[in-house]
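A.B. asks: Got a predicted model here, sequence first, then my questions.
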Amino acid sequence: MEMNFQGVMAANVTPFTQDGSAVDHDALAHLGAWLSEVPGITGVVCNGHAGEGTALSDRERAEVVETLVGAVGGRVPVIAGIISEGTQLAAAEARRAAEVGAAATLVYPPHGWLRFGYQRQAPVDRYRAVAEESGLPQVLFQYPHATLAAYDLETVLEICELGTVVAIKNGVRNMSRWDDELPIIRERFPDIKVVTCQDEFLLHTMWEADGSLIGYASLVPELMVALQQAATDQDYKRAKSLYDATGPLTKVIYHRTSHMEGTIALKMGLAARGILPHATVRSPLFALSEDDDRAIRSALEFAGVAVVG
């Protein structure tokens, strides 16, 4: 399926049954269908951070892709996050995603690299193996500069030279690197799109990005599409107005003690909107408080989004 990275791709959450023992595929299908019908949403991404991918089994991750592919009905592509640690395991995960209809892969670095770094040849080897095993195009995931899993510019260019990367999800969160490296990447690989994923810094990164791939869009897709369009149109006044309207919501979702709590807050917001039946997460995530629920509901209403209950 043709992919359009010049819009907003929603990094999706994974609904669970009330006790968290299984994926709630009915709720997942409803969420995927809802997202795919929002004008300006150009793709659904699953099994990543927002989707609690590391809390899912190999089989569950493949089933999540399969359910979403059926739910979106060909309206938008489904991109599978690939999060397995070992290269061979990641390649097998990508093959399973391809078998059930994924249009592309979003390739995560092994989480061990966050703390301990990687050998020079390892990232290119990982992308090559995943591409060869799955036959799918890839989204390169650039991690924050503050971690040891961020790729230097030379490594990014080497991965792109494989010819399998169609977009870069740029989460470097270092504006010097963003400004310095983006022109070089675009000059060398003009067909590769660069999308922002910096949910809490969208106003600052959407202007130079081709589009966005964000968890925020799984909760308020209509607002994220409007913000992206304003940035694409270089309409700062409209973009700033939208950004300010979502300010309280951004704070209660992403400005938390742990950034991972954003996934819980997204689910709580979707429950408040009536899109999900509840906000169950799996350990190592835990439910937030009733005060948090009230704050999320209030922030949604401030942004002009109706809540239920």
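C.D. replies: Structure received. Numbers count the residues shown, from 1 in each chain.

A.B. asks: Just the helices from the stretch 101-250 of the chain, written as ranges.
C.D. replies: In the stretch 101-250 of the chain, the helices defined using DSSP state H, counting those that start in this stretch lie at 113-116, 122-134, 153-160, 175-188, 202-205, 216-219, 221-232, 236-245, 247-254.

A.B. asks: Of all the ones you listed, which one is nearest L276?
C.D. replies: helix 216-219 (10.1 Å; Cβ to Cβ). From N, CA and C alone the C-beta is placed, and that goes for glycine too.

A.B. asks: Not counting the closest one itself, show me its contacts.
C.D. replies: Defining contact as Cβ atoms under 8 Å, 6 or more residues apart in numbering, one finds that helix 216-219 is touched by 8-13, 31, 35, 41, 50, 199, 202, 224-225, 250, 253, 266, 269-270, 273.

A.B. asks: one more time with 7 Å
C.D. replies: For helix 216-219, contacts defined as Cβ atoms under 7 Å, 6 or more residues apart in numbering pick out 8, 10-13, 35, 41, 50, 199, 224, 266, 269-270.

A.B. asks: just curious, which of the residues you listed is nearest to K237?
C.D. replies: Nearest to K237 among those, counting by Cβ to Cβ, is M224 at 18.1 Å.

A.B. asks: Spatially nearest residue to the closest one (excluding sequence neighbours)?
C.D. replies: Leaving aside its chain neighbours, M224 sits nearest to A217 (4.2 Å; criterion: Cβ to Cβ, 6 or more residues apart in numbering).

A.B. asks: A92 now?
C.D. replies: Leaving aside its chain neighbours, A92 sits nearest to E133 (6.7 Å; criterion: Cβ to Cβ, 6+ apart).

A.B. asks: M268 too?
C.D. replies: A279 (4.4 Å).

A.B. asks: same question, T14
C.D. replies: Nearest non-adjacent residue to T14 (Cβ to Cβ, 6+ apart): G51, at 4.5 Å.

A.B. asks: so how far is S289 from the residue nearest to M268?
C.D. replies: 12 Å (Cβ to Cβ, to the nearest Å).

A.B. asks: who's more crowded, the two?
C.D. replies: More neighbours surround A279 than the other of A279 and S289, with 22 against 8 (other Cβ atoms under 10 Å).

A.B. asks: Quick check: that one vs E52, distance?
C.D. replies: Applying Cβ to Cβ, the value for A279 to E52 is 12 Å.

A.B. asks: Repeat that for N170.
C.D. replies: 23 Å.
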